[in-house]
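Engineer: Quick check, what structure comes out for this input:
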Amino acid sequence: MALTPFFGSGRSSIFDPFEPSFWDHPVDPWSSGLFGKNLGKDDVQAVASTRIDWVETPEAHVFKADLPGLQKEDVKVTVEGDRTLQISGERTREEEKKTDTWHRVERSHGKFLRRFRLPHNANVESVNAKVENGVLTVTVPKTQQPEREVRVVNID
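Structural biologist: Residues are numbered from 1 along each chain as shown. Coordinates of the predicted model:
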């Protein structure tokens, strides 16, 4: 485990180049209205609670996000520039009826956005995504990297 400062949930290091973070956003999303409006408490919770796993296999980079209750129409997956994977969407709040009495509201709602800077071996032209049982799986195949040839340089 690296001895670097942690922030947020304590699970991420601000110095981890593979961890999406506040610094990956081109503008300050918290105050600039990146999500179409200034973020309120519920919106911040929705952004922060969207947990995504990233595993690298010999064939691909695989991202899995738990998105219970969302359909594929509620989620957008894009590749920006040459290597930035962006997963975004919105969880809507249930409609409140005048006859209902709410005792507890714990499920988050609002817009979410996560960005990941993909490594050079990612084939961004062949990205595919699917939602199954509330889990979004994004697969980014790896490019075939030719083995590097090592040659000896004579020293004069």
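Engineer: how about the helices in the protein?
Structural biologist: 41-48 (DSSP state H).
Engineer: Could you list the low-pLDDT ranges of this protein?
Structural biologist: The model of the chain has pLDDT under 70 over residues 1-49, 146-147.
Engineer: What segments of it are strands?
Structural biologist: Assigned strands in the chain, in chain order: 6-7, 12-13, 52-56, 60-66, 75-80, 84-91, 110-117, 128-132, 135-141 (criterion: DSSP state E).
Engineer: Is it possible to get a markdown table of those that adds mean neighbour count and distance to T101?
Structural biologist: Backbone N, C-alpha and C define where each C-beta goes, glycine included. What follows is the strands of the chain, written out as a markdown table (neighbours: other C-beta atoms under 10 Å; distance: least, C-beta to C-beta, whole Å):
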| stretch | mean neighbour count | distance to T101 |
| --- | --- | --- |
| strand 6-7 | 12 | 38 |
| strand 12-13 | 16 | 39 |
| strand 52-56 | 14 | 35 |
| strand 60-66 | 19 | 29 |
| strand 75-80 | 14 | 32 |
| strand 84-91 | 19 | 22 |
| strand 110-117 | 19 | 23 |
| strand 128-132 | 13 | 33 |
| strand 135-141 | 19 | 32 |
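Engineer: can you put the ones you listed in a markdown table and add distance to T99?
Structural biologist: Output for the strands of the chain, formatted as a markdown table (distance: least, C-beta to C-beta, whole Å):
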| stretch | distance to T99 |
| --- | --- |
| strand 6-7 | 43 |
| strand 12-13 | 43 |
| strand 52-56 | 38 |
| strand 60-66 | 32 |
| strand 75-80 | 32 |
| strand 84-91 | 24 |
| strand 110-117 | 25 |
| strand 128-132 | 33 |
| strand 135-141 | 34 |
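Engineer: Indicate which one of the ones you listed is closest to R104.
Structural biologist: strand 84-91 (16.9 Å; C-beta to C-beta).
Engineer: which secondary structure elements does the closest one contact?
Structural biologist: Applying 3 or more C-beta pairs under 8 Å, 6 or more residues apart in numbering; DSSP states H and E, we find strand 84-91 packed against strand 60-66, strand 75-80, strand 110-117, strand 135-141.
Engineer: if you set the cut-off to 7 Å instead, what comes out?
Structural biologist: strand 75-80, strand 110-117, strand 135-141 (3 or more C-beta pairs under 7 Å, 6 or more residues apart in numbering; DSSP states H and E).
Engineer: mind listing what that strand pairs with, with the direction of each?
Structural biologist: Under the criterion DSSP bridges, strand 84-91 sits next to strand 75-80 (antiparallel), strand 110-117 (antiparallel) in its sheet.
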